[in-house]
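Novice: What shape does this take:
(one chain, ligands or ions: 1)
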Amino acid sequence: MDIKDIRQLFPILNQEVNGQPLVYLDSSATSQKPIQVIEALENYYRLDNSNVHRGVHTLGTRATDAFEGAREKVRKFINAKSTQEVIFTRGTTTSLNTIAVSYGVATLKEGDEIVITYMEHHSNIIPWQQVAKRTGATLKYIPLQEDGSISLEDARATITSNTKIVSIMQVSNVLGVINPVKEIAKIAHENGAVMVVDGAQSTPHMKIDVQDLDCDFLAFSGHKMCGPTGIGVLYGKKHLLEKMEPVEFGGEMIDFVQLYESTWKELPWKFEAGTPIIAGAIGLGAAIDFLNEIGLDTIADHEHQLSAYAFDKLSVVEGMTIYGPKDPASRAGLITFNIDDVHPHDVATVLDAEGIAVRAGHHCAQPLMKWLKVSATARASFYLYNTEEDIDKLVRGLIKTKEYFSDVF
Ligand code: 7TS
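Specialist: Residues are numbered from 1 along each chain as shown. A predicted model of the protein is given here:
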């Protein structure tokens, strides 16, 4: 499909912001939604809205079929062996917290180690800090190389026979680096540890195969991959999930309830207490259909091209610091930067006046900001609907920002 046709499918892009055509460069925070997803949500509420797994009426059956159909779409999308391994959650953060509590707190003891990296998002740091506090386990960090990437030698040196959990992001939301999670999973397994992959920034942009990666758990969010907010996925290998206890208890997840004892439904429902996120799951299913129609490889190629183009254009702007690896092949579609001494919030504000949306701040990665020796950065992130023209506008906006601030000081 032509990029013009793709953009037509995203109604939000067809508007002016501050008198300029919108240039949306903040898809790492959340992606925009195509008409197919918006219509799936609308049709669900207009035609099928009903609770799932209860009663026998027609709307209930339709809602249940659509909800469980979405689970099958997710299974196929990540190549899980069974829908029993696909649990719907609120998003990456909830998925990681569930693993931390249900697997981490339940299995770790003093002397055990949890291994993460300096580049993790707060939602893949704080749950493990809490697990360490509650169990007496030690939290260890794989160091970063000068360009922000991880070396397998450092991974091998940090992961030991005491390590029980390794939890790493597949793509950094700041450095754009793609981490070798498949190879690290192998090192984790050689040491008897489980491998958790934070797929928040990878699943929307590249083909993920959990069997090929051989990860034990994968967490991701629907809203970053053209789906609605409030829906995400926790994938786990069946033999691990079967041994884990639910974190939430209540309706939908039980088999039998007696006065003092209860039993749980089978997987995946034992982890889905209460009325599930029905519309969200159906919307995610529509997003997966859409991404499959365009093709994950096509999306990845498009973003690599944009990223390389942006890297070339931005690196010649005077006073520009770009963070992360220089080689476009090892990067995903985002560029994090600072320009001269202009505060990134000021950069984002001037760009916003030009209709250009970028993110500024610490990107929920304060340990990484400390490692980069900055308090904040600006970030432009790309998705299937972005064009080289968007990047040209960004470059022009940044030159304007520089001029504006050189006049001010
Ligand atoms: N992990 C990574 C790597 C992320 O980038 C994010 C969100 C999360 C976890 C949390 O996802 P959530 O859907 O549960 O909130 N990252 C960003 C970002 O870079 N800008 O805004 C949110």
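Novice: can you list the residues of the stretch 201-350 of the chain near the ligand?
Specialist: Neighbours of the ligand within the stretch 201-350 of the chain, by Cβ under 6 Å from any ligand atom: Q201, S221. C-beta here means a position set from N, CA and C on the backbone, and glycine is covered the same way.
Novice: where along the stretch 151-300 of the chain do the strands fall?
Specialist: Secondary structure of the stretch 151-300 of the chain (DSSP state E, counting those that start in this stretch): strands located at 163-169, 194-198, 217-221, 232-236, 254-257, 262-264.
Novice: buried stuff in the third one?
Specialist: Of the residues in strand 217-221, those scored as buried under the neighbour-count criterion (16 or more other Cβ atoms under 10 Å) are F217, L218, A219, F220, S221.
Novice: and it with strand 163-169, angle?
Specialist: Angle of strand 217-221 versus strand 163-169, following axes from the mean of the first three to the mean of the last three Cα atoms, to 10 degrees, is 30 degrees.
Novice: coming back round to it: for the buried residues of strand 217-221, work out which two are farthest apart.
Specialist: F217 and S221 (14.6 Å; Cβ to Cβ).
Novice: which stretches of the protein have low pLDDT?
Specialist: Within the chain, the ranges that satisfy pLDDT under 70 run 407-409.
Novice: thought V74 was touching G285?
Specialist: Yes: contact criterion Cβ atoms under 8 Å: V74 and G285 qualify, at 7.4 Å.
Novice: Skipping adjacent residues, who's closest to the residue of the stretch 251-400 of the chain found nearest the ligand in space?
Specialist: Per Cβ to the nearest ligand atom, H363 is where the stretch 251-400 of the chain lies closest to the ligand, at 4.8 Å. Among residues not flanking H363 along the chain, V174 sits closest, at 5.0 Å (Cβ to Cβ, 6 or more residues apart in numbering).
Novice: Wait, that neighbour touches Q366, no?
Specialist: No: the criterion here is Cβ under 8 Å, and V174 misses it with Q366 at 10.7 Å.
Novice: out of these two, which sits in the busier spot?
Specialist: V174 (24 against 13; other Cβ atoms under 10 Å).
Novice: for L108, what are its contacts?
Specialist: Listed by Cβ atoms under 8 Å, 6 or more residues apart in numbering, the contact set of L108 reads I114, V131, T135, G136, A137, K164, I165.
Novice: biggest separation within these, which pair?
Specialist: For the contacts of L108, the maximum inter-member distance is 14.1 Å, found between G136 and I165 (Cβ to Cβ).
Novice: More neighbours: these two, which one.
Specialist: Applying other Cβ under 10 Å to G136 and I165 shows that I165 carries more neighbours, namely 26 against 12.
Novice: how much space is there between that one and G104?
Specialist: 6 Å (Cβ to Cβ, to the nearest Å).
Novice: any residues in contact with both of these two?
Specialist: What both I165 and G104 touch, as defined by Cβ under 8 Å, 6+ apart, is the set I114, W128.
Novice: Now N97: which helix or strand?
Specialist: helix 92-99 (DSSP states H and E).
Novice: Residues contacting that helix, please?
Specialist: 87, 89, 121, 123-124, 127, 167, 196, 198-200, 217, 219-221, 232-234, 236, 247, 271.
Novice: In ChimeraX, how would I select just the buried ones from those residues?
Specialist: Per 16+ other Cβ under 10 Å, the buried members of those correspond to this ChimeraX selection:
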select :87,89,121,123,124,127,167,196,198,199,200,217,219,220,221,232,233,234,236,247,271
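Novice: need the contact list for the residue of the stretch 201-350 of the chain found nearest the ligand.
Specialist: Of all residues in the stretch 201-350 of the chain, the one sitting closest to the ligand is S221 (3.4 Å; Cβ to the nearest ligand atom). When contacts are counted by Cβ under 8 Å, 6+ apart, S221 touches G91, T92, A200, I231, G232.
Novice: Fine by me, thanks again.
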